[in-house]
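1. Pasting a predicted model and its sequence here:
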Amino acid sequence: MSQARQQLAEQLAEAVFQGLQEDLNHQERVLLVVSGGSTPVPFFKALAAKPLPWDRVDVTLADERWVDEQSSDSNAKLVREHLLQGEASAATFIPLTCSAATPEEGVDEVAKQAESLAWPASVVILGMGGDGHTASLFPDSPELTLALATEELLVAVRTPSQPQPRITFSADRLHQARRHILHITGEDKRAVLAKALNGDDVRQLPIRAFLTCPLAIYWAP
Ligand SMILES: O=C1O[C@H](COP(=O)(O)O)[C@@H](O)[C@H](O)[C@H]1O
């Protein structure tokens, strides 16, 4: 882990801590929506060390692969192992999978669970892939148009470029958050973001759906 990425993770954790604290001053519970993948690990560790009243914090994911929670591809596993540790284990975590065999069969059950969270989210932290996807809004997904337009909470997604089916919060539900942050690292992702900022076809680079939120960008080489 480079020093720059570690510093970025710590600065991001401080910003998220401040945002959650601010909302906790005037509401009983707050909701934090995090992303999966590999980028957030140092951020999760830094945030877990923050002195929050974690028993008043709800946590969920922006998206998930429809895999068993024991799978190394599970974003929920990542959250449990790196964020919900120490004092932060008192947070209420709602994963985005259930016992149904497919996301299409399970989406309503997961939505019922997710509706019980403290919406609107205080902070949504998005990641971004090299193809410009964010959450599980993929350029090659047949469900992209639906996920960008629906007012439903969650959408089941099948994406040719991805090995597993997925589930994602809709763009609408993520848009409703009070604060939006993009956490990315590396020159490749900086170039993708620059391309996204210089165009407007959201189907080509779905991260564009969040560029006007406004979106705080946390990037390190
Ligand atoms: O598949 C996913 O990828 C993105 C980016 O992940 P990273 O490994 O490049 O950091 C992530 O934001 C998303 O939650 C995840 O499901």
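-> That came through fine.

2. how close does the spatially most central residue of the chain get to the ligand?
-> The geometric centre of the chain, computed from its C-alpha atoms, lies nearest to residue 35 (CA atoms, centre = their mean), at 2.8 Å. Residue 35 sits 4 Å away from the ligand, taking CB to the nearest ligand atom, to the nearest Å as the criterion. To be clear about C-beta, it is placed using only N, CA and C from the backbone, and glycine gets the same treatment.

3. residue contacts, that residue?
-> With contact taken as CB atoms under 8 Å, 6 or more residues apart in numbering, residue 35 is in contact with 61-63, 75, 125-127, 134-135, 183.

4. try 7 Å this time
-> 62, 125-127 (CB atoms under 7 Å, 6 or more residues apart in numbering).

5. So which bits of the chain are right by the ligand?
-> Near the ligand, the residues belonging to the chain are 35-39, 62-63, 75, 127, 129, 136 when assessed by CB under 6 Å from any ligand atom.

6. can you do 8 Å?
-> Residues of the chain lying near the ligand by CB under 8 Å from any ligand atom: 35-40, 61-65, 75, 126-130, 133-136, 162, 166, 183-185, 189.

7. For ChimeraX, write a command that selects the buried ones of those.
-> Under the burial definition 16 or more other CB atoms under 10 Å, those of those that qualify are selected in ChimeraX by:
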select :35,36,39,40,61,62,63,64,65,75,126,127,128,129,133,134,135,136,162,166,183,184,185,189
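
8. Just the ones of the residues of the chain next to the ligand in strands?
-> Secondary-structure check on the residues of the chain next to the ligand using DSSP state E: residues within strands are 61, 63-65, 126, 166, 183-185.

9. With respect to the ligand, which of the residues you listed is nearest?
-> The nearest member of these to the ligand, counting by CB to the nearest ligand atom, is residue 63 at 4.8 Å.
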